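In: sharing a model prediction with you, sequence too.
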Amino acid sequence: MGSPLALLAAVLGGLILGAVLGSVMTGARERRRREREVASAQDDASRILSRAKEESDSLLRNAELEGRDVTLRLREGWEEEEGRRREELERAERRAEERSDNLDRRADLLQERETGQERRTRELETREGALREREIEAEKGVEEAQRRLEALAGLSEADARKKLLDDLLDEARADASNRIREIKEEAQRTAEREGKKILGLAIQRMAADTTAETTVSVVQLPSDEMKGRIIGREGRNIRAFEQATGIDVIIDDTPEAVVLSGFDPIRREVARLALDRLVEDGRIHPGRIEEMVEKARGEVEQSMTEAAEEVLYELGIHGVHPEIVRILGRLRFRTSYGQNQLQHAREVALLAGSMASEMGLDAQITRRAGLLHDVGKGMTHEHEGTHVELGWRLCKKHGEGEVVLNAIKAHHDEEPHFFAETFLVTAADAISGSRPGARREMFEGYVKRLEKLEEIAMEHEGVERCFAIQAGRELRVMVEPDRVTDAEMAQISEAVARRIEEELQYPGQIKIVVVRETRAVDFAR
């Protein structure tokens, strides 16, 4: 039993000793490993410190270099600014010196002038005293001469002056009468010759044809089948068309044609253009008719404005208000006795301007007055009143000049002619309306109407003679002053106007003017 215990003890001791030795050896290896790690960490720390020191040194050097650059740039900027300020100060000092020198020179000049002025003032005072003494002596001499003359002539100063003035006035009146008579005779000899020459030149420059206008328009159709489409089911299309345009549509046996009838030429043109578009489009129904009529109305308005602008450009007239241009354009579809009124206004402007140039007057304002003298005719279908009143109010509203306003009223004798240019406008209006071919009315009917006007006026008691003028638009009635009083004149004009309204048919209006002449007769024996 002893030997196993000893063996066990030996084994246990060997194990314990092995364990102790293994532990000692493991601790030694762990210390060496830790020492190696510490040494490695110290090496890494020294390297990091070394790199950090190098980087800090590099950053410090870069910062110093940048600071030096910034300092240099600031110093250079400051030096440049200082140089500019120094130069400005030098220039300001030079300007101040120059101004000071100029002020000194001016002060010297003013001093010299003051000295010279004082010297001249003393000289003038001396001369004034001498002149005053001479005036006193002259007055004494005149008084003495007057006393001597009065004593010799036996007349006082007032009586002598009155007699002298009377003699001078009589002589001046005689000379003036002779001169006036010579001027009148010379004017009578030359006025007719010069007037015919000026009118002849103006008319020659305006030799132009005039196209006659009618109260109907004809629309050509591609076929007679289109007439049925224009009429529509139970006539609804034609009723819608007539209601939208205000124009009568006449569909008869005329092959491939429809007649549009209406007094207003603008509405007739709108209807013609709209019907042309409907026939061309082929779609005819009330909705389409209203659309086409509205488009045609806009196109007609635009064409009228363009026509007026073209005439204004041709005549060289500028600054006309757009409203006046629009109304003037309406004359494109307005006629009087078949004469197109826009062309008539153009002719009047050209004729009057030509005569004004020949006479040395203002041709520009004369052409303007001639063009606008009948502008009120573009408003007579829509407003109450004569074309003279409407045109005058329109031009007055939009700032036209006195010459234009006077031309509008004076060309129908509603006020006197205040300017020479308005006489020319009236003359040009008569020439344009009365020249051959200008107006379409049949000659026989025209003559009969004028004769009837004069016949109606001559039937009244006290009428001496009468004249139909202005192409029958005015009747001038002359009465006998011994048989007709001023109060009876108004009765005659009223009676003649009512008879004309009852018995005659005429466009527009007719003005009746009754004239009672007052005469003063004496004889020189």
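Out: Great, that's in hand.

In: for stretch 453-473, buried residues please.
Out: With burial defined by 16 or more other Cβ atoms under 10 Å, the residues of stretch 453-473 counted as buried are 453-454, 456-457, 460, 462-463, 466, 468, 470-473. All C-beta spots, glycine's among them, are computed from the backbone N, C-alpha and C.

In: pull the CA atoms of that stretch into PDB?
Out: In PDB, the C-alpha atoms belonging to stretch 453-473 read as follows (Å, rounded to 0.1, in the frame of the first residue of the first chain):
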ATOM      1  CA  LEU A 453     -88.800 124.800-107.100                       C
ATOM      2  CA  GLU A 454     -88.700 128.300-108.700                       C
ATOM      3  CA  GLU A 455     -92.300 128.000-109.700                       C
ATOM      4  CA  ILE A 456     -93.500 127.300-106.200                       C
ATOM      5  CA  ALA A 457     -91.600 130.300-104.900                       C
ATOM      6  CA  MET A 458     -92.800 132.700-107.600                       C
ATOM      7  CA  GLU A 459     -96.400 132.000-106.800                       C
ATOM      8  CA  HIS A 460     -96.200 133.900-103.600                       C
ATOM      9  CA  GLU A 461     -97.200 137.600-103.600                       C
ATOM     10  CA  GLY A 462     -94.300 140.000-103.300                       C
ATOM     11  CA  VAL A 463     -91.600 137.600-104.700                       C
ATOM     12  CA  GLU A 464     -89.600 139.400-107.300                       C
ATOM     13  CA  ARG A 465     -87.300 136.600-108.500                       C
ATOM     14  CA  CYS A 466     -85.800 133.400-107.200                       C
ATOM     15  CA  PHE A 467     -82.800 131.100-108.000                       C
ATOM     16  CA  ALA A 468     -82.300 127.400-107.300                       C
ATOM     17  CA  ILE A 469     -78.600 127.000-106.400                       C
ATOM     18  CA  GLN A 470     -76.400 124.300-104.900                       C
ATOM     19  CA  ALA A 471     -77.700 121.700-107.400                       C
ATOM     20  CA  GLY A 472     -81.200 122.300-106.100                       C
ATOM     21  CA  ARG A 473     -80.400 122.000-102.400                       C
END
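
In: pull the most distant pair out of the buried residues of stretch 453-473.
Out: Using Cβ to Cβ, the pair of the buried residues of stretch 453-473 lying farthest apart is G462 and A471, separated by 26.9 Å.

In: quick check: mean pLDDT of the helix or strand where L394 lies?
Out: Element membership for L394 (DSSP states H and E) is helix 387-397. Mean per-residue pLDDT for helix 387-397: 88.

In: would you mind measuring from L49 to A41?
Out: For L49, the distance to A41 equals 12 Å [Cβ to Cβ, to the nearest Å].

In: count of neighbours near L8?
Out: Counted with other Cβ atoms under 10 Å, residues neighbouring L8 total 10.

In: oh, that last question was meant for A356, not what I typed.
Out: Neighbours of A356 (other Cβ under 10 Å): 25.

In: ok, it touching A363?
Out: Yes: counting by Cβ atoms under 8 Å, A356 touches A363, with 4.4 Å between them.

In: for stretch 365-379, list every residue counted as buried.
Out: 365-379.

In: before we move on, what about stretch 85-95?
Out: For stretch 85-95, burial by neighbour count (16+ other Cβ under 10 Å) applies to no residue.

In: show me where the stretch 251-400 of the chain has its strands.
Out: Counting by DSSP state E, counting those that start in this stretch, the stretch 251-400 of the chain has strands at residues 257-261, 335-336, 339-340.

In: ok, the second one: who's next to it in the sheet?
Out: Right, the one you point to is strand 335-336. According to DSSP bridges, strand 335-336 forms sheet pairs with strand 339-340 (antiparallel).

In: mean confidence score for the partner strand?
Out: pLDDT averaged over strand 339-340 gives 76.

In: now do that strand: distance to the chain's middle.
Out: 27 Å (Cα atoms, centre = their mean, to the nearest Å).

In: ok, now stretch 318-337?
Out: That offset, for stretch 318-337, works out to 15 Å (Cα atoms, centre = their mean).

In: now do stretch 486-505
Out: That offset, for stretch 486-505, works out to 44 Å (Cα atoms, centre = their mean).

In: can you put the buried residues of stretch 453-473 in TSV and add secondary structure?
Out: Listed next are these as TSV, based on DSSP: H, G, I helix; E, B strand; the rest coil:
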residue	secondary structure
L453	helix
E454	helix
I456	helix
A457	helix
H460	coil
G462	coil
V463	strand
C466	strand
A468	strand
Q470	helix
A471	helix
G472	helix
R473	coil
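
In: where is pLDDT lowest across these?
Out: Lowest pLDDT among these: A471, 65.

In: one step back: from the buried residues of stretch 453-473, which is closest to G116?
Out: For those, with G116 as the reference and Cβ to Cβ as the criterion, the closest is Q470, at 76.5 Å.

In: against N178, how distant is A524?
Out: A524 sits at a distance of 16 Å from N178 (criterion: Cβ to Cβ).

In: tell me which of those two has more neighbours.
Out: Each of A524 and N178 has its neighbours counted (other Cβ under 10 Å); N178 has more, 10 against 3.

In: do you know how far the more buried one is from L168?
Out: Taking Cβ to Cβ, one finds N178 at 16 Å from L168.

In: next: K184.
Out: Applying Cβ to Cβ, the value for K184 to L168 is 24 Å.

In: show me where the stretch 101-250 of the chain has its strands.
Out: Counting by DSSP E, counting those that start in this stretch, the strands of the stretch 101-250 of the chain are 216-220, 248-250.

In: partners of the longest one, with directions?
Out: So the one you mean is strand 216-220. The pairing partners recorded for strand 216-220 under DSSP bridges are strand 257-261 (antiparallel).

In: distance between the partner strand and the chain's centre?
Out: 41 Å.

In: which residues are in contact with stretch 394-407?
Out: Contact partners of stretch 394-407, identified using Cβ atoms under 8 Å, 6 or more residues apart in numbering, comprise 321, 323-324, 327, 362, 365-366, 368-370, 372-373, 375-376, 379, 392, 408, 415, 417-419, 421-422, 425-426.

In: so which of those sit within helices?
Out: Mapping those onto helices (DSSP state H) picks out 323-324, 327, 365-366, 368-370, 372, 392, 408, 421-422, 425-426.

In: which of those lies closest to E97?
Out: Within these, the smallest distance to E97 is 61.4 Å, found for I365 (Cβ to Cβ).

In: can you verify my assumption that the closest one contacts E421?
Out: Yes: between I365 and E421 there is a contact under Cβ under 8 Å: 6.1 Å.

In: just the helices in the protein please.
Out: Along the chain, counting by DSSP H, helices occupy 2-153, 157-205, 225-231, 236-245, 265-281, 286-315, 322-330, 341-359, 363-372, 387-397, 402-410, 420-434, 443-458, 486-503.

In: for V325, grab the count of nearby residues.
Out: V325 is flanked by 18 other residues according to other Cβ under 10 Å.

In: ok, T485 next?
Out: Residue crowding around T485 was assessed by other Cβ under 10 Å; the count is 13.

In: then D276?
Out: Around D276 there are 15 other residues, counting by other Cβ under 10 Å.

In: where's it relative to I431, distance?
Out: D276 is 37 Å from I431, where distance means Cβ to Cβ.

In: touching, E464 and D482? I think so.
Out: No: the pair E464 / D482 is not scored as a contact, 10.2 Å apart, by Cβ under 8 Å.

In: quick one, phi psi at the residue nearest to the spatial centre of the chain?
Out: Centroid-nearest residue in the chain, with Cα atoms, centre = their mean: G319, separated by 2.9 Å. Main-chain torsions, G319, degrees, to the nearest 10: phi 80, psi 20.

In: before we move on, what about D224?
Out: Main-chain dihedrals, D224, degrees, to the nearest 10: phi -70, psi -20.
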